[in-house]
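**Student:** sequence and predicted model, in that order:
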Amino acid sequence: MATAIFVRDIAQYDGQEVTVRGWVKAKTGKGKLQFVRLRDGTGQVQCVAFKKEMDEADFEAIRGLTQESSVIITGNVRADERAPGYPGGYEIGVTGVEVVQVGDEYPITPKEHGTEYLMDRRHLWLRSDRQWAILRIRATIIKAMRDWLDNNGFLLVDTPIITPAAGEETTTLFELDYFGEPAYLAQTGQLYNEANIFAFGRVYCFGPTFRAEKSKTRRHLIEFWMLEPEIAYCDLDELMDVEEQLVSYIVAQVLAKHQQELEIIERDTVQLANIAAPFPRITYDEAIERLQKLADETDDPEQKELLKIEWGEDFGSPHETALAEMFNRPVFVYHYPSAVKAFYMQPVAGRDEVCRSVDLLAPEGYGEIIGGSERIFDADLLRQKLQAQGLPEENYDWYLQLRQFGSVPHAGFGIGIERTVAWICGLDHIRETIPYARLLNRKYP
Ligand code: ATP
């Protein structure tokens, strides 16, 4: 009886008879010799069927296989350097086959398809090599983030998805009917994280967040996943230390585990290999000066226009790209104007117009992947900020109470999973970083 194996482990079975359960990626060959590229979710292996080495009915069954047919193949593993596949280097000489279902004509073929066509068939598109590689890297990125935090004294504490009030700002809220009362889908878990640090010190939450972003960009999803650490007794410098170590660890893990996937998606890894803490840290003021200087010096009128920025304005993508290009590594920009940031950020002492916030900008044009800050820990100041934003104080009563019972300076950040995946995988658009993207114009499938 042949051993049922996963293709990723094939090297352990050289010379043995095995069974692989999977789907037909492609079939070629003619007459007495057929090649089936079989994928099983863990990898791909070339299966070679010789008419004379098997039962006639089995050989005919193989000849009848279509793309994506489900099939259980039995055969002998043999090493062959040239054998294609993932991991490659081994092929299976087929001895028997059980066809589970012969697939109908598959709508996604090796020819080029348009993006909307593929997004309409996302449930099938996920089977393609490129999507398979990206989503495997995504899983590693999430695991690396969680491992690093778990190993550095952070506790996972889950925060609610249904919330009574805005966590960030009111323009991107999704409202729900909560038994006749308004409620909102979480934009962040941060406010609850802040409560949780008083019980656990260092915490993080990880889950989906929802923002009704009305602009169509290649960096915004409506539903995205965020990992949010929050730390008691922490200032901005320590926060940046945590961020750069976390990000360096994620990149190192992807490079260590996913050379094959990075090759499939044709990611140039030279830049990634340079990602190591510490990352440069510049103030918003310095960033504005640098951008203005760059705009002055550029001869290209279009670029000049794109780079134009005045103190007080938030950065757009061209600004973030230009800043990151100056360093070729992720760069921290800190002390943003309070007016462009959320209500809970601690003002800089003696300079109320700026706050103790920090964004991490990824290189290669990927822009902000992390937003973080020190949080206001004084109840009166927080109350003033809520009022200034027109946020109803009664909804934040519990949040204000945190400043009453042992309030401490604290800080935290949110790292967007999809923006991180887009950067590490070198993708043009965020839609491929998540299995089922929710975009301004898409909620199907
Ligand atoms: P932006 O200004 O780019 O819209 P933001 O300042 O609203 O982002 P934060 O509130 O600081 O973002 O959120 C923390 C992180 O969550 C961001 O750095 C980013 O990685 C991610 N993020 C925020 N909004 C989105 C979105 N709509 N789609 C995907 N990721 C997002």
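**Tutor:** Okay, I see it.

**Student:** so what's the residue count around Trp148?
**Tutor:** For Trp148, the number of neighbouring residues by other CB atoms under 10 Å comes to 19. Every residue, glycine included, has its C-beta placed from N, CA and C.

**Student:** give me the residues contacting the helix or strand hosting Asp296.
**Tutor:** Per DSSP states H and E: Asp296 is located in helix 284-297. Surrounding helix 284-297, the residues in contact under the criterion CB atoms under 8 Å, 6 or more residues apart in numbering are 282, 303-304, 307-311, 315, 319, 322-323, 326, 333-337, 354.

**Student:** the stretch 151-300 of the chain: strands as residue ranges?
**Tutor:** For the stretch 151-300 of the chain, the strands defined by DSSP state E, counting those that start in this stretch occupy 155-156, 162-163, 175-178, 181-185, 202-210, 223-232, 281-283.

**Student:** which of those sits most buried?
**Tutor:** Comparing the strands of the stretch 151-300 of the chain by mean neighbour count (mean count of other CB atoms under 10 Å), strand 223-232 ranks first with a mean of 23.

**Student:** what strands flank it, and is each parallel or antiparallel?
**Tutor:** Paired strands of strand 223-232, with direction, are strand 202-210 (antiparallel), strand 410-416 (antiparallel) (DSSP bridges).

**Student:** out of the strands of the stretch 151-300 of the chain, which gets nearest to the ligand?
**Tutor:** With CB to the nearest ligand atom as the criterion, the ligand lies closest to strand 223-232 of the strands of the stretch 151-300 of the chain, at 3.6 Å.

**Student:** report the angle between that closest one and strand 181-185.
**Tutor:** Our comparison of strand 223-232 with strand 181-185, counting by axes from the mean of the first three to the mean of the last three CA atoms, to 10 degrees, yields an angle of 90 degrees.

**Student:** list the residues that contact the residue nearest to Ala83 when sequence neighbours are not counted.
**Tutor:** Of all residues beyond its chain neighbours, the one nearest Ala83 is Glu91 (4.2 Å), with distances taken as CB to CB, 6 or more residues apart in numbering. The contact partners of Glu91, by CB under 8 Å, 6+ apart, come to Val45, Gln46, Cys47, Val48, Val77, Arg78, Asp80, Ala83, Gly85.

**Student:** can you tell me which of these has the most neighbours?
**Tutor:** Counting by other CB under 10 Å, top hit in the contacts of Glu91: Val45 with 31 neighbours.

**Student:** do I have it right that it meets Val7?
**Tutor:** Yes - contact status for Val45 versus Val7: in contact at 4.9 Å, counting by CB atoms under 8 Å.

**Student:** give the next helix or strand downstream of the helix or strand containing Ala61.
**Tutor:** Per DSSP H and E, Ala61 falls inside helix 56-63. Toward the C-terminus, helix 56-63 is succeeded by strand 70-79 as the next helix or strand (DSSP H and E).

**Student:** which secondary structure elements does that next one contact?
**Tutor:** Using 3 or more CB pairs under 8 Å, 6 or more residues apart in numbering; DSSP states H and E as the contact definition, the elements that strand 70-79 packs against are strand 17-30, strand 33-39, strand 85-101.

**Student:** how about the last one as PDB, C-alpha atoms only?
**Tutor:** Coordinates of each C-alpha in strand 85-101 appear next as PDB, following Å, rounded to 0.1, in the frame of the first residue of the first chain:
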ATOM      1  CA  GLY A  85       7.600  21.700  -9.700                       C
ATOM      2  CA  TYR A  86       7.600  23.100  -6.200                       C
ATOM      3  CA  PRO A  87       9.900  22.000  -4.600                       C
ATOM      4  CA  GLY A  88      11.000  20.400  -7.900                       C
ATOM      5  CA  GLY A  89      13.900  17.900  -8.400                       C
ATOM      6  CA  TYR A  90      11.600  14.800  -8.200                       C
ATOM      7  CA  GLU A  91       9.000  13.300 -10.400                       C
ATOM      8  CA  ILE A  92       6.500  10.500 -10.000                       C
ATOM      9  CA  GLY A  93       6.400   7.600 -12.400                       C
ATOM     10  CA  VAL A  94       2.700   6.800 -12.400                       C
ATOM     11  CA  THR A  95       1.500   3.300 -11.600                       C
ATOM     12  CA  GLY A  96      -2.200   4.000 -10.900                       C
ATOM     13  CA  VAL A  97      -4.800   6.700 -10.900                       C
ATOM     14  CA  GLU A  98      -8.200   7.400  -9.400                       C
ATOM     15  CA  VAL A  99     -10.100  10.200 -11.000                       C
ATOM     16  CA  VAL A 100     -12.300  11.900  -8.500                       C
ATOM     17  CA  GLN A 101     -13.900  14.400 -10.900                       C
END
